Every structure is written in structure tokens, then in C-alpha cells.
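1. Sequence first, predicted coordinates after that:
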Amino acid sequence: MFIRKTLIITCIIFVWSYAHQDLNAQYNHDASGYSHAIYVIPTENEMVYYKAVTLVWEKISESGKYHLQLSNTKDFSGLILDTIICHTSMTTPHLKNHTEYFWRVRDLGPGCEVYDFVDFNFFKTTSIVMEETKEDNIVNIYPTHIKGLEVLYFDNPESVNFEIKISDASSKDHYVQRCKADRKGITTASWPRGSYEVTITTHNHEPQVRKFVLY
């Protein structure tokens, strides 16, 4: 009888220990017990439209209560947002255009625990909204900014000859140029605000068309 009770107690302890370890494994705890945040949106160094930025991260603990900070400085001395939130997303107030921002999340714990911030993510704001594409492109196009100026950036990793043609909403050509540079930037700060279409033409490939809007 004693041996049977001992076996039952041992089995209960084993099952509890296994479940506890499995729960811990779900949330990627470090030595201090903190669960590292997994930042989803924006992705690291992503260019996003400055008037509508939504921060999204994965659940990192069972408590569901997080401390969120947003700053325009890497050391978080220039805090813009410092709040407690019970969700895994947050839409920010309007941010400045052509600016780099840093954000981080920490778990407040199920009780009174307050864990340290151990990582952060960052993104940049732009006034260019580019149509997304899932196609594999010979020449890649990114909205960005250089020294505070709005820029369309062209990345040509295969160093192919290509032609850039940008037309406005009335189909009037606004910019046409042939190029072979590995990288090229076109400043659009002085262009009228509105919708545009950029067509990339390369030898032996279908034309690559992307739409974008200048706000």
C-alpha cells in the first residue's frame, strides 16, 4: 500500500513538472524569467506610413499585461509613448515623417513582477505608400528618406540595364530614365501629391509595374 501511494505521488509530481516545463518552453524565457517579445509589425527597419502605424507583437506570457514604450532615440530618452496595455497591438498617434523610431515591450508578470526590457525593434516613417507585391522582381523598389528628403530607392542586385518610367494619375510621364546602377534614388519631395505608377523595363523580362501614392 505504501509503495502504491509513493508511485502515485511520484507520477503526479512528474506530470506537473513536465507540464510546467512545457509551459515555460512556449514563451522563450531567459535566465531572469522574462519572456522575450517577438515583434511582428512593423518588421525591423521597415518603412511605414507615418500617419497610421500599428505595433503588433506576439503573446509573451500568460499575464497578458505589457509595458510598451516608443521613442525617437535608441536609448529611449525621447519617449513618445509609455503605457500599460492588455493587448498585443497598439495604434500610435500620428508620428513625424522621415523619422526613425524605436519601440520595446516587456511583460509585467502575473503578479507584481516587473521584468527588465531586454530587446527592442525599430522602424522608419515615410509619406510614400507603395503597393505591396509578392512577385520576385529583378529590380526592387523601396520608399525611404535620405537626410530628411522623400526618396524612391531602386535596388538592382543583378546590375541589369533597366528603364524607369513614372507616370501620374493622368498617365502623363513624370520621369523617364535608363539606368544600370546597382542602386539609384529619385527624390520626390517636390512632386505634386497624388497617385503614380512606376514601370521597370528590363531585357527579356515582363515589365514590372508598381503603384504608389505621395501624401
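-> That came through fine. Numbers count the residues shown, from 1 in each chain.
2. quick one: contacts for Ser170?
-> Under the criterion of CB atoms under 8 Å, 6 or more residues apart in numbering, Ser170 has no neighbours. Any C-beta I mention is one placed from the backbone N, CA and C, and that applies to glycine too.
3. Which parts of the chain are helices?
-> 2-26 (DSSP state H).
4. Where does pLDDT dip in it?
-> 1-36, 110-115, 134-135 (pLDDT under 70).
5. Give me the domain ranges for it.
-> Domain ranges of the chain: 39-126, 128-214, per automatic domain parsing.
6. Between the two ends of the shortest one, what distance do you get?
-> So the one you mean is domain 128-214. 5 Å (CA to CA, to the nearest Å).
7. just the first one next, same as before
-> Across its full length, domain 39-126 reaches 20 Å between end residues, using CA to CA.
8. Figure out how far it is from the centre of its chain.
-> Centre-to-centre, domain 39-126 and its host chain are 11 Å apart (CA atoms, centre = their mean, to the nearest Å).
9. and if you look at the shortest one?
-> Its chain's average C-alpha position is 22 Å from that of domain 128-214, according to CA atoms, centre = their mean.
10. OK, contacts around the closest residue in space to Lys180 that isn't next to it in sequence?
-> Distances taken as CB to CB, 6 or more residues apart in numbering place Asn161 nearest to Lys180, at 5.0 Å, with adjacent residues excluded. Asn161 is in contact with 178-180, 202-203, counting by CB under 8 Å, 6+ apart.
11. what's the farthest-apart pair in these?
-> Cys179 and His203 (13.0 Å; CB to CB).
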